[in-house]
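>>> Sequence and predicted structure below; questions after.
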Amino acid sequence: MVKFCFRWFGNDDPVSLQNIRQIPVVDGIVSALYDIEVGDIWPNNKLKSLKEVIEKHELELSVIESIPVHEDIKLGKPSREKYIDNYSQSIRNMGRVGIPILCYNFMPVFDWTRTNLAMENPDGSTSLGYDHNALQNIDLRKESLDLPGWATAYSHDELNNLLNEYSKVDENTLWNNFEYFLQQVVPVAEESKVKMAIHIDDPPWSIFGLPRIIKDEEALDRLVNSVDSISNGISFCVGSLGANRHIDLPRLIRKYGKKGRIHFAHLRNIKHTAEFSFHETAHPSKFGDNDMYEITKALIETNFKGVIRPDHGRMIWGETGRPGYGLYDRALGIMYLYGLWEGIKKGLKVS
Ligand code: DNO
């Protein structure tokens with residue numbers, strides 16, 4: 001059975017589990033441990049208590065998003081061995097506690113990136129935006145940055161060192177380092193009954209001169225072929241992949257869905273404003289360039305049994321909070337997605 005889930009950032013999240021529980025269609029939670037140093041093992045007892053807190057609210061802990069991959073693994077440094085061992089141990093602990101899906105990414109230094117966190121819409125709501133020219137005008141070596149998906153606060157020196165190290169890593173080297181990582185962790189995930197699901201790079205192109213590899217069909221082909229296991233899967237984020245306006249999302253959902261490799265779907269909408277620029281919109285098809293009906297239909301037709309979550313919402317009704325992760329617009333989003341799901345399923349008479 002497919003599950004409709006909601007992301008929750010732990011006890012510091014202004015959106016409480018009780019709020020989430022009151023959204024009628026939510027089955028489970030997507031969350032993480034937020035007090036573990038990148039590279040350390042995620043302990044069994046902490047995962048267990050996270051699960052218990054969520055279960056007290058009659059929800060289940062459906063996905064860990066994410067256990068960050070240490071930069072030394074992406075850089076292919078000798079110290080990666082220790083970090084890969086730790087990562088494997090964290091996966092085993094997830095399995096022991098009974099958490100079935102692990103979303104993660106392999107983007108160097110920066111996670112998801114936007115240039116405007118509060119772009120004003122005509123109706124007074126705000127959305128997240130990405131403008132490639134604005135990004136290119138940022139000089140990382142000089143400016144201090146506040147990026148939404150940036151988990152690690154680096155000092156200027158640390159960031160400069162990291163950027164220097166990456167100057168020797170091209171896409172090819174990053175792929176080799178990624179495959180080296182996968183070859184070791186995927187068998188552990190399979191044994192532990194955990195499905196790994198890589199998130200699409202967001203945006204799906206190089207930023208700040210850093211290589212990015214999980215960005216198109218060729219990459220997803222290489223990923224699924226590199227280790228042939230159900231535990232080597234995809235978090236199909238339509239907002240991220242859809243930022244590339246040339247990608248046919250429903251076709252790719254069918255392609256990897258048929259192989260059983262999509263475990264997690266992030267569903268949201270965006271509007272393209274230039275070849276490499278876009279902003280986020282409300283979830284329904286008519287506000288953006290993603291056809292949410294066709295996307296949902298492709299998931300249903302390929303018998304998707306994983307987890308769906310609404311993704312970034314706008315800020316509406318005066319809400320303030322974590323960019324993209326307020327309560328109200330994501331709640332509207334999940335209700336819309338559920339309605340689409342039910343309508344298509346019944347219309348198709350798929351049981
Ligand atoms: C953005 C999220 C990402 C995602 C990571 C997965 O809102 O989808 O931050 O959690 O890239 O590792």
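Structure's in. What do you need?
>>> Just the residues contacting the host helix or strand of G347, thanks.
Assigned by DSSP states H and E, G347 belongs to helix 328-348. By Cβ atoms under 8 Å, 6 or more residues apart in numbering, the residues outside helix 328-348 that reach it are 2, 4, 6-7, 23-26, 125, 267-268, 282-284, 292-293, 296-297, 300-301, 308-317, 319. All C-beta spots, glycine's among them, are computed from the backbone N, C-alpha and C.
>>> Stretch 243-252 too?
130, 202-205, 215-217, 220, 236, 238, 241-242, 270, 272, 275, 278, 289-291, 294-295, 297-298.
>>> ok, now with 6 Å
The contact list for stretch 243-252, computed with Cβ atoms under 6 Å, 6 or more residues apart in numbering, reads 203-204, 238, 241-242, 272, 278, 294-295, 298.
>>> List the buried residues for the helix holding G347?
Buried residues in helix 328-348, counting neighbours by 16 or more other Cβ atoms under 10 Å, are found at 328-338, 340-341, 344.
>>> coming back round to it: which of the contacts of stretch 243-252 has the most neighbours?
V238 (27 neighbours; other Cβ atoms under 10 Å).
>>> lowest-confidence helix or strand of the chain?
Of all helical and strand segments in the chain, the minimum by mean pLDDT, DSSP states H and E falls on helix 156-166, at a mean of 89.
>>> Flag every buried residue along it.
Neighbour-count burial for helix 156-166 [16+ other Cβ under 10 Å]: 159, 162-163, 165-166.
>>> Pull up the gap between the residue nearest to F208 when sequence neighbours are not counted and V38, please.
Among residues not flanking F208 along the chain, L140 sits closest, at 5.6 Å (Cβ to Cβ, 6 or more residues apart in numbering). Separation of L140 from V38 (Cβ to Cβ, to the nearest Å): 19 Å.
>>> Name the residue of the stretch 151-300 of the chain that lies nearest to the ligand.
H199 (3.8 Å; Cβ to the nearest ligand atom).
>>> Quick check: the residue nearest the centre of the chain vs E275, distance?
In the chain, the residue lying closest to the centroid (Cα atoms, centre = their mean) is H199, at 4.5 Å. Using Cβ to Cβ, H199 is found at 23 Å from E275.
>>> Going along the chain, name the helices of the protein.
17-21, 44-56, 71-75, 80-97, 132-136, 156-166, 171-191, 217-226, 238-241, 249-258, 292-301, 328-348 (DSSP state H).
>>> one step back: next one, pLDDT for the residue nearest to the centre of the chain please.
You'll see H199 listed with a pLDDT of 98.
>>> And for A151?
Confidence score, pLDDT, at A151: 52.
>>> that older thread, what's the spacing between the helix holding G347 and its chain's center?
Offset of helix 328-348 from its chain centre (Cα atoms, centre = their mean, to the nearest Å): 20 Å.
>>> Kindly report the same for stretch 120-132.
That offset, for stretch 120-132, works out to 21 Å (Cα atoms, centre = their mean).
>>> Tabulate the helices of the chain in a markdown table, adding columns for distance to the ligand.
Output for the helices of the chain, formatted as a markdown table (distance: least, Cβ to the nearest ligand atom, whole Å):
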| stretch | distance to the ligand |
| --- | --- |
| helix 17-21 | 16 |
| helix 44-56 | 16 |
| helix 71-75 | 13 |
| helix 80-97 | 13 |
| helix 132-136 | 17 |
| helix 156-166 | 18 |
| helix 171-191 | 14 |
| helix 217-226 | 14 |
| helix 238-241 | 7 |
| helix 249-258 | 16 |
| helix 292-301 | 16 |
| helix 328-348 | 11 |
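>>> what's the most buried one of the ones you listed?
Between those, helix 238-241 has the highest mean count of neighbours, a mean of 25, where neighbours are mean count of other Cβ atoms under 10 Å.
>>> quick one: low-confidence parts of the stretch 201-350 of the chain?
The stretch 201-350 of the chain contains residues with pLDDT under 70 at 348-350.
>>> Apply 90 and report the result again.
By pLDDT under 90, the weakly predicted segments of the stretch 201-350 of the chain are 347-350.
>>> The stretch 51-200 of the chain now?
If you take pLDDT under 90 as the line, the stretch 51-200 of the chain has these spans: 135-160.
>>> Can you tell me how far D216 is from R222?
In terms of Cβ to Cβ, D216 sits 10 Å off from R222.
>>> again but with D311, I slipped
In terms of Cβ to Cβ, D311 sits 25 Å off from R222.
>>> same deal with I54?
Applying Cβ to Cβ to I54 and R222 gives a distance of 35 Å.
>>> got it, and Q184?
Applying Cβ to Cβ to Q184 and R222 gives a distance of 17 Å.
>>> How about P187?
Taking Cβ to Cβ, one finds P187 at 19 Å from R222.
>>> And H263, by the same measure?
From H263 to R222 the distance is 18 Å (Cβ to Cβ).
>>> Check V188 too.
21 Å.
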